[in-house]
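S.K.: Build me a model:
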Amino acid sequence: MEDTTPDAMPDCESKAGSEGTSRRGFMKMLGLGGISLASMVGAPIEDVLAETTSKVNRYSNPSDLKITDMRVAVIGRIPFRVPIIRIDTNQGISGFGEVRDDGDKRYALILKSRLLGQNPCNVERLFRLIRQFGNHGRQGGGVSGVETALWDLAGKAYGVPVYQMLGGKYRDRVRLYADTAGANDPHVFARRMKETRVDRGYTALKMDIGIELLRNIPGALVNTRAHAPVGEYALQSQYSRNPGEYGQIEHPFTRIQITETGLDAIEEYVRVMRETIGYEIPLGIDHTGHFDVDEAIKLARRLEPYTLAYMEDLVAWNWFDKWKAITDATTTPTMTGEDIFGLEGGFKELIDRQAVSMVHPDLGSAGGILETKRIGDYAERGGLAMYLHYAGSPVGFFASVHAAAATYNFVALEHHSVENDNWYSLIPSDTVVFDQGYVPVPDKPGLGVELNEDAIKELLIEGEGYFEPTPEWNEAQSWDRLWS
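M.R.: This next block holds a predicted model:
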């Protein structure tokens, strides 16, 4: 073995001569291995700096990084409308986020004047600054999207993936669950699910079975006339945007009830699905419709024999007592949370009360990457697992992947655009999104995802430009402090 004791090490002073140690001689000394700063005493300062900064990302100097601009490109057909946020800096690097699917770009743009000139690497500090502008549902999309873009920038500045800045990862790959649209025939629905999801390798599924499926079955529902279009005795869509219609009335106030005939029809959808895909695959239920606690309990109990992974959003998330009543009344697991902004905004109460079986944040509403991890960590303390909702662009998808990788009690992440070619066109063709039920966690700096400029331009909503300047949002015109 070569002697590397101090006496055997090269003498920097004796080799330096009047010109000092040569670069080649110094690097040869490093080749002996295990050199520390103590062994570099007497070496020229340029060599010391070269060694001590050899692993520092030279793409930027994080301490001098400043936000210079924020712009938005609003795209569609993936399948939803999504505003993609780009935050630019004085060092030529940009970070990307997104306002949650079908959210308004102005939820993000209002934050621009609060961010200009700030160092994006101070993510938590800036989150505290803008958090007051977030709210539940899509109104949380601006704060969440900006927070995501800040993490992307910080990761790129330091040359590390986002999960590393969250404390590291618990897993190298993240499990995906596939959402799918329904069908009016249970056999068609089940066959579609198997061919497009199970046969392609998905190991977790969710199906939408709303009470709208019962609209043409005599005697299946009670009290639909109050919420029917003029001249028709048919249930309106739960996605209606018109005030006063069924889709805009909260669950306890529709007073719609499900009869035994209706329960039989819904059960058939689940029975046929289980017969088709088997029992090994976790199967969740979503978008059941707007009805109150008693109907939710009846439905959850009826479906107990099919060992569902969960029933989601049976009532609105903010009815904590109602959620507790449903959860306590059935062995079918319950889950909610995609519209809650922040841990303290509702998740904490759901967890403390044990009102649900699992939590289900959407990173695009919850407050971003770190807040989603906080929610998961708090749920873990309460003995609850965490699923993640997602239905936006690849930016939000990979942001969710980092949050999932860094959270211990994570179960599965939704992939809403399984068969949408437009969604996949937004990223390089060699980006691995799906591998036998999982997505690999990116190891590139920041979110680790690149965007296809041409695809963004192709998918722009009519009337929207490609990250056009937004100088009208540069100046704050309000006093933001919430206390006197």
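S.K.: shouldn't N422 be in contact with L460?
M.R.: No - counting by C-beta atoms under 8 Å, N422 sits too far from L460 to count as a contact (11.6 Å). Placement of C-beta: from N, CA and C, glycine included.
S.K.: So the nearest residue to K324 once chain neighbours are set aside: helix, strand or coil?
M.R.: For K324, ignoring the flanking residues on the chain, the nearest one in space by C-beta to C-beta, 6 or more residues apart in numbering is A355 at 4.2 Å. Of the three states, A355 takes coil under DSSP: H, G, I helix; E, B strand; the rest coil.
S.K.: and what of I285?
M.R.: Judged by three-state DSSP, the three-state class of I285 is strand.
S.K.: show me the contacts for it.
M.R.: K206, M207, D208, I209, V270, L303, L308, Y310, M311, E312 (C-beta atoms under 8 Å, 6 or more residues apart in numbering).
S.K.: cool, and E419?
M.R.: E419 makes contacts with T196, as judged by C-beta under 8 Å, 6+ apart.
S.K.: which ones among the contacts of I285 are found in strands?
M.R.: When strands are assigned by DSSP state E, the members of those inside them are K206, M207, D208, Y310, M311, E312.
S.K.: and the fourth one, bridged to which residues?
M.R.: Read it as Y310. Legend: beta-bridge partners of Y310 under DSSP bridges are G284.
S.K.: just to revisit the earlier point, and the residue nearest to K324, how far is that from D313?
M.R.: From A355 over to D313 the distance is 13 Å, taken as C-beta to C-beta, to the nearest Å.
S.K.: cool, T470 as well?
M.R.: 34 Å.
S.K.: D88: which element?
M.R.: Under DSSP states H and E, the secondary-structure element containing D88 is strand 82-89.
S.K.: Report the two of the ones in strands among the contacts of I285 separated the most.
M.R.: Based on C-beta to C-beta, the longest span within these runs between D208 and Y310 and measures 13.3 Å.
S.K.: ok, which stretches of the stretch 101-250 of the chain are strands?
M.R.: Remark: strands of the stretch 101-250 of the chain, listed N- to C-terminal, are 173-180, 205-208, 221-222; assignment by DSSP state E, counting those that start in this stretch.
S.K.: Describe which strands the longest one pairs with in its sheet and in which direction.
M.R.: Yep, that's strand 173-180 we're talking about. strand 205-208 (parallel), strand 410-415 (parallel), strand 438-440 (antiparallel).
S.K.: can you pull the contacts of A265?
M.R.: Under the criterion of C-beta under 8 Å, 6+ apart, the contact partners of A265 comprise L213, L214, I217, A220.
S.K.: State the pLDDT value of the first one.
M.R.: If you check L213, the pLDDT there is 92.
S.K.: hang on, it packs against F189?
M.R.: No - at 9.4 Å, L213 does not count as touching F189 under the criterion of C-beta under 8 Å.
S.K.: Identify the contacts common to those two.
M.R.: Shared between the contact lists of L213 and F189 (criterion: C-beta under 8 Å, 6+ apart) are residues G182, Y269.
S.K.: still on that earlier bit, between D208 and Y310, which one's more packed in?
M.R.: Just comparing D208 and Y310: by other C-beta atoms under 10 Å the higher neighbour count belongs to Y310, 24 against 20.
S.K.: of all the strands of the stretch 101-250 of the chain, which lies closest to A391?
M.R.: Counting by C-beta to C-beta, A391 lies closest to strand 173-180 out of the strands of the stretch 101-250 of the chain; the figure is 7.5 Å.
S.K.: and that closest one, how far out from the chain's middle?
M.R.: Using C-alpha atoms, centre = their mean, to the nearest Å, we find the averaged C-alpha position of strand 173-180 to lie 12 Å away from the chain's own average C-alpha position.
S.K.: before we move on, what about stretch 380-388?
M.R.: Taking C-alpha atoms, centre = their mean, one finds the center of stretch 380-388 at 16 Å from the center of the full chain.
S.K.: Residues contacting that stretch, please?
M.R.: With contact meaning C-beta under 8 Å, 6+ apart, stretch 380-388 is reached by 177, 310, 335, 351-352, 354, 356-363, 372, 375-376, 379, 400, 403-404, 407-414.
S.K.: low-confidence ranges in the stretch 51-200 of the chain?
M.R.: Along the stretch 51-200 of the chain, the model assigns pLDDT under 70 to residues 51-60, 181.
S.K.: now with 80?
M.R.: 51-60, 180-182 (pLDDT under 80).
S.K.: domain assignment for this protein?
M.R.: In terms of domains, the chain is parsed into 6-52, 62-160+466-473, 173-450 (source: automatic domain parsing).
S.K.: In CSV: those, plus distance to W483.
M.R.: Output for the domains of the chain, formatted as CSV (distance: least, C-beta to C-beta, whole Å):
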stretch, distance to W483
domain 6-52, 45
domain 62-160+466-473, 11
domain 173-450, 17
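S.K.: quick one: which of those domains is nearest L166?
M.R.: Each of those has some distance to L166 by C-beta to C-beta; the shortest is domain 173-450, at 3.9 Å.
S.K.: first vs last residue of the closest one, how far apart are they?
M.R.: Domain 173-450 stretches 19 Å from its first residue to its last (C-alpha to C-alpha, to the nearest Å).
S.K.: thinking A455 is in contact with L426, fair?
M.R.: Yes - A455 is within contact range of L426, at 4.9 Å (criterion: C-beta under 8 Å).
S.K.: quick one on the thing from earlier: which members of the contacts of stretch 380-388 are classed as buried?
M.R.: Members of those that pass the buried threshold by neighbour count (16 or more other C-beta atoms under 10 Å) are listed as 177, 310, 335, 351, 356-363, 372, 375-376, 379, 400, 403-404, 407, 409-414.
S.K.: Report how many residues lie close to D264.
M.R.: Applying other C-beta under 10 Å, I find that D264 has 15 neighbouring residues.
S.K.: Revised request: answer the last question for V449.
M.R.: Counted with other C-beta under 10 Å, residues neighbouring V449 total 21.
S.K.: what residues are up against it?
M.R.: Under the criterion of C-beta under 8 Å, 6+ apart, the contact list for V449 reads F96, P394, V395, F398, I427, T431, P442.
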